[in-house]
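Undergrad: Okay, here's the prediction I keep looking at, along with the sequence it came from:
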Amino acid sequence: MSFPVAIIDSGSPRSIDPRLAGRFVLLGLAGLGLAAGGASAAGLHVELWIVLTALAAGAGALVALGWSFLGSAPGAVGGVAKSSAQILQEVEALNRHAMVSMTDADARIIYANAKFIDATGYSERELIGRDMGTLYFEEDLREFRKLRGMLEVGESWQGENRLRTKDGKRLWNTLTLLPGLNADGQASGMIAVRTDTTVAKIAEQRSELFAALDKLADEVMILDLGTSTLRYLNQSAKDRMGLGAGDGTGVTLSDLSEHLDTGLLDKTLQTLLHGTEDVLPLRMRCAGRVFDLRLQRLSDEDRAPEALVVLRDVTNEVSSEEHRRAFVATVSHELRTPLTSVKGSMGLLLAGAGGELPDSARSMVEIAHRSADRLVSLVGDLLDIDKITSGQMSFAIEPVDLDALINDAIEANAAFADRFGVKLRREGSTGGQVWVDYDRTMQMLDNLLSNAAKFSPEAGEVTIGVEETEHAMRLWVRDSGPGIPTDMQTRIFERFTQAARAKDNQARSTGLGLAVVKAIAEGQRGSVTLDSVEGEGATFTITLPRTPPLNETTAPSSFRRAV
């Protein structure tokens, strides 16, 4: 599309308002000065965008001056014809290398050259009459309104600008804006000359990002998800893999097989590419080291799908954790056997197996028996926490009658509650069938009922009830104790957290029971929540699934599911 004379003169093509000509002259001089300054600073190497800006501005000046001259000296045929041809060449160069558009006083587009149409992705029919503001991103509209205000008072503007293309991509450009003039010579609308700098802008942004990533101790890679080709490796990754200088581009994932489990990594990348998750974790062992990886899909409409891969060497942490778990397991197992024996022996003494005990001796044996009981419970909780931490807690999921489970839990904990003068009472509707591990669920109820008994006042009451929902059974345990302080409620399910001291110091909890309850509930596709008001007791509610796991209609009792 050629650059029409109508964009500089809405009247006769042989005349132009001198003020408009003056503006184009100023634009030309500014553009040429910018180009000259750039050339000098770069040692005669002028950046392309500076050349184009100067060319656009210079062409505007030449068009204005040329048509002004034609209007004032129609008789100078030879010289004018030559100048007109030169002007047309400049206009053609402008149309080829710059995006030109004009808007009216209402910011509606009244002209757009082919370069502008192609860059924005709209057709000419779609652009003419469109509000220029619709080509800006929402966050850039404030700047657009500011520019309009400047032009309305006759000011021009030059700088970096961003437009939104039809398909939502970013179109970065250097922009020169001049106020347009109406037939009366008053400022009206705007004339815009743009040079596309999108590629350079994205390259600049990525360069800044890469400079920051090079300072990280963790290894960072950016890969093309479609081809598994590396787009970037930070300095930490290059140092470990011995890649030397360069940004690592052009290297494929298979080239790194000596340093990474590329098969596992590529499989995870394909899952990221074709799946619905934007972030995937991965643990990888390679060359005697252990790495935790975080793979994140990068969404950028200007580039092919990429993945950001961050590798953290956790070899030392894993080794320390393995030693810690081995130590806990060894100590716990070594303690459990003698403690169980000690507890059993003292239980027999209290039952009279060794003859009648004097009152003073019985009192001491009872204290020792309660302490041994607490130690056995602590060892059991430590072992459970270790299984939770290592992801080794397993569940035998099967259909369980919830009524029978609740009755068994009340019977098992009634004697313990009697020690505190507390009664256990059932309330609510009849329970149905749930898909859980019977023993693990009983362990949850034991922890909740024993805690409720310890924190309820003497002659108090602990209620356990159940209600049915569409997809789950909701079971609650409510005590009549002092409640849990508000500042503790968000941390009550954390390990070694105790809200208050039980009334019987010999029966204090380990601070692990509720953490175990939470892990068991979630490991069975359920949940546990707390509702408490200080001075009014606490209610723990467990939600248990009514359907089998994995959407199966039946499931064997030997089904195992790791946390």
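TA: Sure thing, it's come through.

Undergrad: Check which helix or strand the residue nearest to residue 464 when sequence neighbours are not counted maps to.
TA: Distances taken as CB to CB, 6 or more residues apart in numbering place residue 477 nearest to residue 464, at 5.2 Å, with adjacent residues excluded. The C-beta positions use only the backbone N, C-alpha and C, and glycine is treated the same way. Using DSSP states H and E, the secondary-structure element containing residue 477 is strand 472-478.

Undergrad: Send me that strand as CSV with only the CA atoms.
TA: Below are the C-alpha coordinates for strand 472-478, written out as CSV (Å, rounded to 0.1, in the frame of the first residue of the first chain):
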residue,chain,number,x,y,z
ALA,A,472,-18.3,-39.2,52.4
MET,A,473,-19.1,-40.0,56.1
ARG,A,474,-18.3,-37.2,58.5
LEU,A,475,-17.3,-38.4,62.0
TRP,A,476,-16.7,-36.0,64.9
VAL,A,477,-15.2,-36.2,68.4
ARG,A,478,-16.2,-33.4,70.8
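
Undergrad: Would you mind pulling the contact partners of that strand?
TA: Contacts of strand 472-478 with the rest of the structure, by CB atoms under 8 Å, 6 or more residues apart in numbering, involve 402, 406, 428, 431-432, 434, 445, 448-449, 452, 462-468, 526, 537-546.

Undergrad: Give me the buried subset of these.
TA: Among those, those scoring as buried are 402, 406, 431, 434, 445, 448-449, 452, 462-466, 526, 537-546 (criterion: 16 or more other CB atoms under 10 Å).

Undergrad: In strands only, show me those.
TA: Those of those mapping onto strands are 434, 462-466, 538-545, per DSSP state E.

Undergrad: Need those in a markdown table (columns: distance to residue 201).
TA: Formatted as a markdown table, those follow (distance: CB to CB, whole Å):
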| residue | distance to residue 201 |
| --- | --- |
| 434 | 58 |
| 462 | 67 |
| 463 | 66 |
| 464 | 65 |
| 465 | 63 |
| 466 | 62 |
| 538 | 58 |
| 539 | 58 |
| 540 | 56 |
| 541 | 54 |
| 542 | 55 |
| 543 | 51 |
| 544 | 55 |
| 545 | 52 |
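
Undergrad: what about residue 319, neighbour count?
TA: Using other CB atoms under 10 Å, residue 319 has 11 other residues around it.

Undergrad: can you tell me the helix or strand for it?
TA: Using DSSP H and E, residue 319 sits in helix 315-350.

Undergrad: For that helix, buried residues please.
TA: Within helix 315-350, the residues that count as buried by 16+ other CB under 10 Å are 318, 328, 332, 336, 339, 342, 343, 345, 346, 349.

Undergrad: The residue lying closest to residue 340 once chain neighbours are set aside: neighbour count?
TA: Spatially, and ignoring its direct neighbours in sequence, residue 340 is nearest to residue 376 (6.3 Å; CB to CB, 6+ apart). Here the number of neighbours of residue 376 (other CB under 10 Å) works out to 16.

Undergrad: again, but for residue 166
TA: A count of neighbours around residue 166, defined by other CB under 10 Å, yields 12.

Undergrad: Tell me the spatial nearest neighbour of it, not counting adjacent residues.
TA: residue 121 (3.6 Å).

Undergrad: In contact with that neighbour, which residues?
TA: Residue 121 is in contact with 165, 166, 167, counting by CB under 8 Å, 6+ apart.

Undergrad: The second one against residue 118, yeah?
TA: No: using CB atoms under 8 Å, residue 166 makes no contact with residue 118, being 11.1 Å away.

Undergrad: Residue 259 should be in a strand, yeah?
TA: No: per DSSP: H, G, I helix; E, B strand; the rest coil, residue 259 lies outside any strand segment and is coil.

Undergrad: Mind pulling the model confidence for it?
TA: We have a pLDDT of 84 for residue 259.

Undergrad: and it, what is it in contact with?
TA: Residue 259 makes contacts with 240, 241, 286, 287, as judged by CB under 8 Å, 6+ apart.

Undergrad: give me that answer again for 10 Å
TA: 219, 237, 240, 241, 242, 243, 286, 287, 289, 311 (CB atoms under 10 Å, 6 or more residues apart in numbering).

Undergrad: What values do phi and psi take at the third one?
TA: The reference is to residue 240. Torsion angles at residue 240 (phi, psi; degrees, to the nearest 10) stand at phi -70, psi -40.

Undergrad: can you check the last one too?
TA: Main-chain dihedrals, residue 311, degrees, to the nearest 10: phi -110, psi 130.

Undergrad: Tell me how many other residues crowd the nearest residue in space to residue 148 that is not next to it in sequence.
TA: Leaving aside its chain neighbours, residue 148 sits nearest to residue 107 (6.3 Å; criterion: CB to CB, 6+ apart). Using other CB under 10 Å, residue 107 has 18 other residues around it.

Undergrad: Could you verify my assumption that residue 107 touches residue 145?
TA: Yes: using CB atoms under 10 Å, residue 107 is in contact with residue 145, at 9.3 Å.

Undergrad: Quick check: neighbours shared by the two?
TA: What both residue 107 and residue 145 touch, as defined by CB under 10 Å, 6+ apart, is the set residue 133.

Undergrad: how far away is residue 425 from residue 115?
TA: 82 Å (CB to CB, to the nearest Å).

Undergrad: what about the two, which has more around it?
TA: residue 115 (20 against 12).

Undergrad: a helix runs through the more buried one, doesn't it?
TA: Yes: assessed with three-state DSSP, residue 115 lies in a helix.

Undergrad: With adjacent residues omitted, what lies nearest to it?
TA: In space, and not counting its chain neighbours, residue 115 is closest to residue 99: 4.6 Å by CB to CB, 6+ apart.

Undergrad: Spit out the contact partners of that neighbour.
TA: 52, 56, 112-120, 163, 171, 173, 175, 192-196.

Undergrad: what do you get for residue 353?
TA: 345, 347.

Undergrad: Need the pLDDT of the residue nearest to residue 115.
TA: Taking residue 99 on its own, its pLDDT is 90.

Undergrad: Show me what it is bridged to.
TA: residue 194 (DSSP bridges).

Undergrad: What is the helix or strand hosting residue 372 packed up against?
TA: Using DSSP H and E, residue 372 maps to helix 359-390. If you count contacts as 3 or more CB pairs under 10 Å, 6 or more residues apart in numbering; DSSP states H and E, helix 359-390 packs onto helix 315-350, helix 438-455, helix 513-523.

Undergrad: what comes up buried for that helix?
TA: Under the neighbour-count criterion of 16+ other CB under 10 Å, helix 359-390 has 365, 368-370, 372-382, 384-389 buried.

Undergrad: circling back: quick check: the gap between the residue nearest to residue 464 and residue 378.
TA: 22 Å.

Undergrad: rewinding a little: any idea of the mean pLDDT in the helix holding residue 319?
TA: Helix 315-350 shows a mean pLDDT of 80 in the predicted model.

Undergrad: just checking, what packs against that helix?
TA: Secondary elements touching helix 315-350 (3+ CB pairs under 10 Å, 6+ apart): strand 279-286, strand 289-298, helix 359-390.

Undergrad: Return the shortest one as PDB; C-alpha atoms alone will do.
TA: Spelled out, it's strand 279-286. Provided in PDB are the C-alpha atoms of strand 279-286 (Å, rounded to 0.1, in the frame of the first residue of the first chain):
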ATOM      1  CA  VAL A 279       4.800 -27.800  37.400                       C
ATOM      2  CA  LEU A 280       6.200 -31.300  38.100                       C
ATOM      3  CA  PRO A 281       8.700 -32.400  40.800                       C
ATOM      4  CA  LEU A 282      11.300 -35.100  40.200                       C
ATOM      5  CA  ARG A 283      14.000 -36.800  42.100                       C
ATOM      6  CA  MET A 284      16.900 -38.200  40.100                       C
ATOM      7  CA  ARG A 285      20.000 -40.200  40.900                       C
ATOM      8  CA  CYS A 286      22.900 -39.900  38.600                       C
END
